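Student: Whatever this is, show me its structure:
(one chain, ligands or ions: 2)
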Amino acid sequence: MLKGKVAVVSGSAQGLGKAFTHILLENGAQVAMLDVNEEMGQELQVQLNQQYGSDRTQFYKADVSSDQQFTDVFQKILSKFGCIDIFCNNAGIADEKNWEKTVSINLSGVVRGTYLALDHMKKQNGGNGGVIINTASLAGLGPLPSAPIYTATKYGVVGFTRALSVASQALDYGVRINALCPSFVRTALIDSFKQEDKTGQFHSLFSITENMMEKFPFIEAEKVAEAFLLLVKDESVNGVALVVKNEATIIFILVLIIITVLRTRLLYRSRRAVTRTRIIIIIIIIIIIFFILTAGPGLAQDKPGTLICTRALPLGAVTGSRCVLGSARAQQQQKAAGGAAAQREHEHGVRGETHLTDILHAHTGAPGARDTDSVIQHTDGDGTGSRWPSTELEAEVTSAAPCLPNQAPPLLTPPTFTVIGQ
Ligand SMILES: NC(=O)C1=CN([C@@H]2O[C@H](COP(=O)(O)OP(=O)(O)OC[C@H]3O[C@@H](n4cnc5c(N)ncnc54)[C@H](O)[C@@H]3O)[C@@H](O)[C@H]2O)C=CC1
Ligand SMILES: CCCCCC(=O)/C=C/C=C\C=C\C=C\[C@@H](O)[C@@H](O)CCCC(=O)O
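Tutor: Ligands and ions are numbered 1, 2, ... in the order given. Next up, the predicted model:
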């Protein structure tokens, strides 16, 4: 539960920001919504008041690319709510023609919001600590050829977030900073990007982006919001670029099985009657067998330090599962998975790639770490390892009263990072 917590979400009038706002409210937080679209923002405010009560949300019109507006609205939020514990820089656009605007919103706006939040949250300024989550994109980890500027802004958000997370840790700010990297989600941003006045000189390459939409089928905003909540709640996670994506493989295999079986039915029709019911039963058995083979709660280790979750999701989902990065539960299961690496991870709190729901995988970044699925082992300055404290996802994250200090992880002395398990 996030009861007593105050969250700020930019770009929350629709799309992913709206989904983040809902999941925060469902988990007990109060939410200050920022958006440049006043009409949509006010409309949403009315809906949320009816759904969650009038004291839970407040909409503020603000343009994140304007230093004056962002600073002013930040002060208004502090005046009303008293403090800020969770800050999500989510506002973003995709406009390759007006590329300066894209940079000023997607990158400068994120930097501005992050620094405003950090200045308020850090312990050195009397803050309570907390968590900052920046919405990047899968395009921040791999290019979208038809959108080089958008790609650049998202790479910038990932790099900025990772660098600042280490700085925050090293300077003992008490603030976690993570990036969220979703692939395609059906929102207004995607719809707008099909127009030539947005794709600009690379409009002819939009077919490449469409091909990528085949490779990374659309995900629901609610799925991304679940990953967002992981980053909010798991106090052992800092400096992560959490990927949320579907991959067509599993669904494709299932469709292939069904088509093959149905074709087989046609083949046998002339030799012997196979009832439709029997065919359907065969298909259902195949699907059940598939999920049993990939099911099984918990973690398995694919290579030293790398955690792969094996629990399958309900039918129609994609492999992967819901494991919590760095959680005590994950570490116990990981330890149970045996192996020196597990022991080492248990001792040192090494965080690795963990496949989460809908194939989320975390690129844990650290100075010098290549952007691969790797495992970061952190050790204290004196070379001894110590575990990043972790919190069960379901556990109470904070005290009930508003604006009380976050249970910030006991921050380590400036860690040194070594990358293992490339
Ligand atoms: N839709 C997708 O496939 C993906 C989106 N993202 C990112 O997710 C974030 C949210 O995007 P969506 O929800 O898809 O888009 P959306 O267009 O549905 O929502 C974006 C919201 O941000 C607001 N906004 C735009 N410029 C603003 C500004 N200057 N100041 C304040 N608010 C502003 C808009 O009014 C809108 O309400 C963006 O950063 C986007 O780059 C990342 C990966 C995938
Ligand atoms: C310009 C339109 C933006 C639409 C919103 C958005 O951000 C969508 C991004 C979706 C997917 C990006 C995919 C990039 C794919 C490749 O570059 C691939 O190599 C990246 C693989 C990275 C990984 O860790 O899997």
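Student: hey, which helix is longest across this structure?
Tutor: In the chain, assigned by DSSP state H, the helix with the most residues is helix 148-170.
Student: is that one anywhere near ligand 1?
Tutor: No: figure legend: helix 148-170 not in contact with ligand 1 (Cβ under 6 Å from any ligand atom); closest approach 6.8 Å. Every residue, glycine included, has its C-beta placed from N, CA and C.
Student: Could you name the helices and strands sitting against that helix?
Tutor: In terms of contacts (3 or more Cβ pairs under 8 Å, 6 or more residues apart in numbering; DSSP states H and E), helix 148-170 is packed against helix 99-103, helix 109-121, strand 130-135, strand 175-182, strand 240-244.
Student: which other residues reach the following helix or strand past the fourth one?
Tutor: If you walk from strand 175-182 toward the C-terminus, the next helix or strand you reach (DSSP states H and E) is helix 188-192. For helix 188-192, contacts defined as Cβ atoms under 8 Å, 6 or more residues apart in numbering pick out 14-15, 92-94, 184, 198.
Student: Near ligand 1, list only the ones from those.
Tutor: Here is what survives when the contacts of helix 188-192 are matched to ligand 1 using Cβ under 6 Å from any ligand atom: 14-15, 92-93, 184.
Student: In whichever strand or helix holds residue 225, which residues are buried?
Tutor: Using DSSP H and E, residue 225 sits within helix 221-233. For helix 221-233, the neighbour count (16 or more other Cβ atoms under 10 Å) marks 221, 223-233 as buried.
Student: ok, and does that helix reach over to ligand 1?
Tutor: No: judged by Cβ under 6 Å from any ligand atom, helix 221-233 stays clear of ligand 1, getting no closer than 7.1 Å.
Student: That helix vs ligand 2: in contact?
Tutor: No: remark: helix 221-233 sits outside contact range of ligand 2, by Cβ under 6 Å from any ligand atom, the gap being at least 11.0 Å.
Student: and the angle for that helix with strand 240-244?
Tutor: Interaxial angle, helix 221-233 versus strand 240-244 (axes from the mean of the first three to the mean of the last three Cα atoms, to 10 degrees): 160 degrees.
Student: What does the pLDDT read for residue 207?
Tutor: Per-residue pLDDT puts residue 207 at 91.
Student: Ligand 2 versus that one, what's the distance?
Tutor: Distance, residue 207 to ligand 2, by Cβ to the nearest ligand atom, to the nearest Å: 13 Å.
Student: quick one: that residue and residue 214, what's the gap?
Tutor: Going from residue 207 to residue 214 by Cβ to Cβ, to the nearest Å gives 11 Å.
Student: pLDDT-wise, which helix or strand of this structure ranks last?
Tutor: When the helices and strands of the chain are compared on mean pLDDT, DSSP states H and E, strand 306-309 comes out lowest with a mean of 25.
Student: rewinding a little: export the helices and strands packed on helix 148-170 to JSON lines and tack on distance to residue 50, mean neighbour count and mean pLDDT?
Tutor: Listed next are those as JSON lines, based on distance: least, Cβ to Cβ, whole Å; neighbours: other Cβ atoms under 10 Å; pLDDT from 0 to 100:
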{"stretch": "helix 99-103", "distance to residue 50": "34", "mean neighbour count": "16", "mean pLDDT": "98"}
{"stretch": "helix 109-121", "distance to residue 50": "28", "mean neighbour count": "21", "mean pLDDT": "98"}
{"stretch": "strand 130-135", "distance to residue 50": "27", "mean neighbour count": "27", "mean pLDDT": "98"}
{"stretch": "strand 175-182", "distance to residue 50": "28", "mean neighbour count": "28", "mean pLDDT": "98"}
{"stretch": "strand 240-244", "distance to residue 50": "29", "mean neighbour count": "27", "mean pLDDT": "96"}
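Student: Mind putting those into TSV with distance to ligand 2?
Tutor: As requested, the helices and strands packed on helix 148-170 are exported to TSV (distance: least, Cβ to the nearest ligand atom, whole Å):
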stretch	distance to ligand 2
helix 99-103	9
helix 109-121	14
strand 130-135	9
strand 175-182	7
strand 240-244	5
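Student: Now do stretch 116-132: everything it contacts.
Tutor: 8, 70-71, 74, 78, 83-89, 114, 164, 168, 171-178, 231-232, 235, 403-406, 408.
Student: Send me it as PDB with only the CA atoms.
Tutor: Output in PDB follows, covering the C-alpha atoms of stretch 116-132 (Å, rounded to 0.1, in the frame of the first residue of the first chain):
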ATOM      1  CA  LEU A 116      13.000  19.800  -9.100                       C
ATOM      2  CA  ALA A 117      12.000  16.500  -7.400                       C
ATOM      3  CA  LEU A 118      15.500  15.600  -6.300                       C
ATOM      4  CA  ASP A 119      16.000  19.100  -4.800                       C
ATOM      5  CA  HIS A 120      12.900  18.600  -2.700                       C
ATOM      6  CA  MET A 121      13.300  14.900  -1.900                       C
ATOM      7  CA  LYS A 122      17.000  14.500  -1.000                       C
ATOM      8  CA  LYS A 123      17.800  14.100   2.700                       C
ATOM      9  CA  GLN A 124      20.500  16.900   2.600                       C
ATOM     10  CA  ASN A 125      17.700  19.400   2.000                       C
ATOM     11  CA  GLY A 126      15.500  18.000   4.800                       C
ATOM     12  CA  GLY A 127      13.600  15.800   2.300                       C
ATOM     13  CA  ASN A 128      12.100  12.400   3.100                       C
ATOM     14  CA  GLY A 129      13.800  10.600   0.200                       C
ATOM     15  CA  GLY A 130      11.500   8.700  -2.300                       C
ATOM     16  CA  VAL A 131      11.600   7.500  -5.900                       C
ATOM     17  CA  ILE A 132      11.700   9.200  -9.300                       C
END
